[in-house]
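K.L.:
how would this look folded up:
(chains A and B)
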2 protein chains.
Amino acid sequence: MSEFCIATYRSFDDKADFNKKALSIAVGLTVGSWTDLPEARKSEMEKHLGKVLSVDVHEGGEGNRYADIRIAYPDINFSRDIPALLVTIFGKLSMDGRIKLIDIEVSQSFGSAFPGPKFGLQGVRGLLGVQERPLLMSIFKSVVGHDLTNLQEQFYKQALGGVDLIKDDEILFENPLTPLEKRVEACMEAAERAQQETGQKLLYAVNLTGPTSQLASQARKAISAGANALLFNVLAYGYDVLHELSKDPSINVPIAAHPAMAGAMYPSPHYGIGASVLLGKLMRLAGADLVLFPSPYGSVVMPKEENLAVKDALLAPSSELLTSFPVPSAGIHPGLVPLILRDFGTDVVVNAGGGIHGHPMGTAAGGQAFRLAIDAAMNGVHLREAAAAPGGEALQAAIDAWGIKE
Amino acid sequence: MSEFCIATYRSFDDKADFNKKALSIAVGLTVGSWTDLPEARKSEMEKHLGKVLSVDVHEGGEGNRYADIRIAYPDINFSRDIPALLVTIFGKLSMDGRIKLIDIEVSQSFGSAFPGPKFGLQGVRGLLGVQERPLLMSIFKSVVGHDLTNLQEQFYKQALGGVDLIKDDEILFENPLTPLEKRVEACMEAAERAQQETGQKLLYAVNLTGPTSQLASQARKAISAGANALLFNVLAYGYDVLHELSKDPSINVPIAAHPAMAGAMYPSPHYGIGASVLLGKLMRLAGADLVLFPSPYGSVVMPKEENLAVKDALLAPSSELLTSFPVPSAGIHPGLVPLILRDFGTDVVVNAGGGIHGHPMGTAAGGQAFRLAIDAAMNGVHLREAAAAPGGEALQAAIDAWGIKE
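P.N.:
Alright, predicted model coming up:
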């Protein structure tokens, strides 16, 4: 019995016969031709033929008439890897007029080739010993041109505030000032010192960069030097590279996927790949333990419904794949925490850069303000109340600086 | 002395102060912050700071006000690989509103890490022994679900018509009916038989697929089995993978880059990456010997100025990089050949699928019709005249079927 992977497209056209278009996609991207095949061949070829599952036409004004088209592609046609799947369902088709890939559902058989996240959301919680509350991640303020001492100091100050994860900037590549292994050693040493102060475990996601064929050995080097997490610019390398790194048993730390380059593909309504596929389903399938994506709050924006669709794709119940931790990023300050929890629930990583480093009382207070905001929101306490309570100064200062958004 | 890679963006905004925006990009994607740096640090950090080269504002009507912004990024900030370059110049920025990356100029120093095409246009001509005329490429009619005997027969018929290159369909992956090595053996055997008939050399670009880490060994297996060219879905794997394959001395055959997935990135005016960068400059830098891209003639369309910009990027004079053969594809029939030569010159591969297989007198006649059309166009003979001459029947039948476009 053959299984299918299903693609959903949004195809825009003021006049097209969308049923005919759907059929031409289903045939064209599988057996190539059908009606002119001899009957005897048809029975043999049937199992390779794509099937149109539905065509849902939305008559809109001129320029806005579209159809959502669902097509089932037989697994037998492609190997069990993401490049083969994408090239089949959206290789040539991506260039065929105004059409956007808005969903993918992989078959159980195709999916079985993907172990998915090695740690997943619960695994990351387990490593940190934090079961209930949202996690707090922070980002270095600036990294390019800084030396090890400077980075270590930045790291220590962030760690002191009680953050759970610190990530490299995605634009920090292998460089003579802060080479990978030395950077890991310096930062993990700072993490240890901070842990003695705070009693708080911490993951450092070091940026994995360089030639594709060297990534696995770079990852192992980082891990040998003490790295307990990795950051990876997935879209600059391809999903299959993430998949191979993630399923490598020697790379036994969580991988955080950075969305760099994603904006080249998801924002147009007419072209590209929907955010929930690009940053949701495919990242999880390829094995990302945490996935960063633009928050609906900051300067780097994504409409809230797309944000929630990404989150839903990362967290959807599955008997095959662990869930991936959603990390909505950009423009986050402590006064947003109750809103983030309302939008995303508690299985979320609150990720802040300026909201920590720009705190009026300093970086460590920036982390503390977030932790206070998270605890308040978890306990249903209003932020103003928590800020007014003894020990609430850091939160009060953050509210004074950035306000509360409700 | 520091060198720079330069990115040009088209940024759309009805109200923005584009000079301010340009400055925030130049600072934000390099040193992170500038004005609040102590003076003593500025002298150290200066060499890492991005520079705004120009901001060219086009006041258009609402929704169409934009600026072309050129920014120079110091090489010292990123490693010499395409992922690092792209993540730096368009990683986070791709998600920051309506902005499209429309050009990249790499520095000599950055470029020196890229040997580029191993064969290039002249190398491919050399392998085929064809110095002057446009080359003729053909594509299998349908491949999915077909066995070796069928593929071999399709191959032989195409080869008989005098084509120079035959390429796999990009959706033919490793499969039990036509596994890589057996496919190469069967097709190269057909190539040899056809060569005895036609006296014509032929390159077969077999589709290189599978897990990223296995691609180099798959390529070597294909070459051992007799493959004399490779087809590769570059964007499904990443430019760096092409770069590593291309510079591998053991992969000593030309690589044809397929544009699958490119339509997810180039067509929107507001988002993504321009075709001349995506399918032109970066493909050549990463080492593609031939590059397929949508022709301006067929169903899979790209505006002609973008086509010509891709072509120009592949052929631009360079003391560092060989040129890559432009292969405008889709919707090509013999009656278009004079137009193709007018648009693209003679350094072009005429690539046909239906225009060969759909020929009224059969596949071999399809190839012959194209070769007759190419010879006529090269000699300034009108196609109708060439078709009426003795031996012109195949061309006449093609003209009867599809007409001439001038």
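
K.L.:
give me every residue that touches the residue nearest to residue A:231 when sequence neighbours are not counted.
P.N.:
Nearest-residue entry for residue A:231: residue A:205, 4.2 Å, with adjacent residues in sequence omitted and distances by C-beta to C-beta, 6 or more residues apart in numbering or on different chains. Any C-beta I mention is one placed from the backbone N, CA and C, and that applies to glycine too. Neighbouring residues of residue A:205 by C-beta atoms under 8 Å, 6 or more residues apart in numbering or on different chains: A:165-168, A:229-231, A:254, A:256, A:290.

K.L.:
pLDDT score for residue A:205?
P.N.:
pLDDT, residue A:205: 97.

K.L.:
Name the helix or strand for it, please.
P.N.:
Under the criterion of DSSP states H and E, residue A:205 resides in strand A:203-208.

K.L.:
Sheet partners, orientation included, of that strand?
P.N.:
Using DSSP bridges, strand A:203-208 pairs in its sheet with strand A:165-167 (parallel), strand A:229-233 (parallel).

K.L.:
Below-threshold pLDDT in chain A: ranges please.
P.N.:
For chain A, the stretches flagged by pLDDT under 70 are A:1-2, A:299-301.

K.L.:
Who does the most centrally placed residue in it form a beta bridge with?
P.N.:
Centroid check for chain A by C-alpha atoms, centre = their mean gives residue A:291 as the closest residue, at 2.6 Å. Beta-bridge partners for residue A:291, by DSSP bridges, are residue A:257, residue A:326.

K.L.:
and it, what is it in contact with?
P.N.:
Contact analysis of residue A:291 by C-beta under 8 Å, 6+ apart lists A:256-257, A:259, A:279-280, A:283-284, A:310, A:314, A:324-327.

K.L.:
can you check residue A:289 too?
P.N.:
Residues in contact with residue A:289, defined by C-beta under 8 Å, 6+ apart, are A:117-121, A:123-124, A:254-256, A:324-325.

K.L.:
Name the nearest residue to it, sequence neighbours excluded.
P.N.:
Closest residue to residue A:289 apart from its sequence neighbours, by C-beta to C-beta, 6+ apart: residue A:254 at 3.7 Å.

K.L.:
Ok, residue A:197 next?
P.N.:
Counting by C-beta to C-beta, 6+ apart, residue A:160 is the residue found nearest to residue A:197 once chain neighbours are left out, at 6.1 Å.

K.L.:
same question, residue A:244
P.N.:
For residue A:244, ignoring the flanking residues on the chain, the nearest one in space by C-beta to C-beta, 6+ apart is residue B:213 at 5.5 Å.

K.L.:
burial of that neighbour, as a residue count?
P.N.:
By other C-beta atoms under 10 Å in any protein chain shown, the residues close to residue B:213 number 17.

K.L.:
Equivalent analysis for residue A:59, please.
P.N.:
Residues near residue A:59, counting by other C-beta under 10 Å, number 8.

K.L.:
measure it to residue A:18 for me?
P.N.:
11 Å (C-beta to C-beta, to the nearest Å).

K.L.:
Same question for residue A:327.
P.N.:
In terms of C-beta to C-beta, residue A:327 sits 37 Å off from residue A:18.

K.L.:
Tell me which of those two has more neighbours.
P.N.:
A count of neighbours by other C-beta under 10 Å puts residue A:327 above the other of residue A:327 and residue A:18, at 26 against 20.

K.L.:
from what I can see the more buried one touches residue A:349, true?
P.N.:
Yes: Residue A:327 is in contact with residue A:349 according to C-beta atoms under 8 Å; the separation is 4.2 Å.

K.L.:
what touches both of those two?
P.N.:
A:137, A:290.

K.L.:
which residues sit in contact with whichever residue of the stretch 101-250 of chain A sits closest to chain B?
P.N.:
With C-beta to the nearest C-beta, the shortest gap between the stretch 101-250 of chain A and chain B falls at residue A:142, namely 2.9 Å. Taking C-beta under 8 Å, 6+ apart, we find residue A:142 in contact with A:169, B:31-33.
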